[in-house]
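Colleague: need a structure here:
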Amino acid sequence: MTTATIGGKTVEVDGEGFLQKPEQWDEELGVEIAKELGIELTDRHWQVVKYMRQQVLDTGSAPSIRSLGKQSGVPIKELYQLFPKGPAKMAAKIAGIPKPHGCI
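Modeller: Presented below is the predicted three-dimensional model:
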């Protein structure tokens, strides 16, 4: 594992930049990660990010894109507008959780 400095905070990441220790995350770090991805977070983004984060902390795994669209309160079509390069992958990165299984 390697470390990265994001927004002045040193965190452990994998080769793709996903945090490996969710406890190192805070909302300020999420904002900085989103900036690196070219996303300015809105309330709808936060709704998805916080939902994904809570799911991983509660169950140990990230929801599928289908589940995310049904259970987060944000329809799949809107998820792709909010996170155009892959909703599950981008939201997971911003949420400070490991890359979801099945994401390329």
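
Colleague: okay, CA-based contacts and neighbour counts for the rest of this
Modeller: OK.

Colleague: How about the secondary structure of the closest residue to residue 65 other than its chain neighbours?
Modeller: Leaving aside its chain neighbours, residue 65 sits nearest to residue 88 (6.1 Å; criterion: Cα to Cα, 6 or more residues apart in numbering). Following DSSP: H, G, I helix; E, B strand; the rest coil, we place residue 88 in the helix state.

Colleague: what's near enough to touch residue 88?
Modeller: By Cα atoms under 8 Å, 6 or more residues apart in numbering, residue 88 lies in contact with 64-65, 68, 100, 103.

Colleague: now do 10 Å
Modeller: Taking Cα atoms under 10 Å, 6 or more residues apart in numbering, we find residue 88 in contact with 48-49, 52, 62-66, 68-69, 79-80, 99-103.

Colleague: which among those residues end up buried?
Modeller: 48-49, 52, 62-63, 65, 68-69, 79, 99-100 (16 or more other Cα atoms under 10 Å).

Colleague: give me phi/psi at the residue sitting nearest the centre point of the chain?
Modeller: In the chain, the residue lying closest to the centroid (Cα atoms, centre = their mean) is residue 92, at 2.2 Å. Phi and psi for residue 92, reported as degrees, to the nearest 10, are phi -60, psi -40.

Colleague: measure it to residue 33 for me?
Modeller: The gap separating residue 92 from residue 33 is 10 Å, by Cα to Cα, to the nearest Å.
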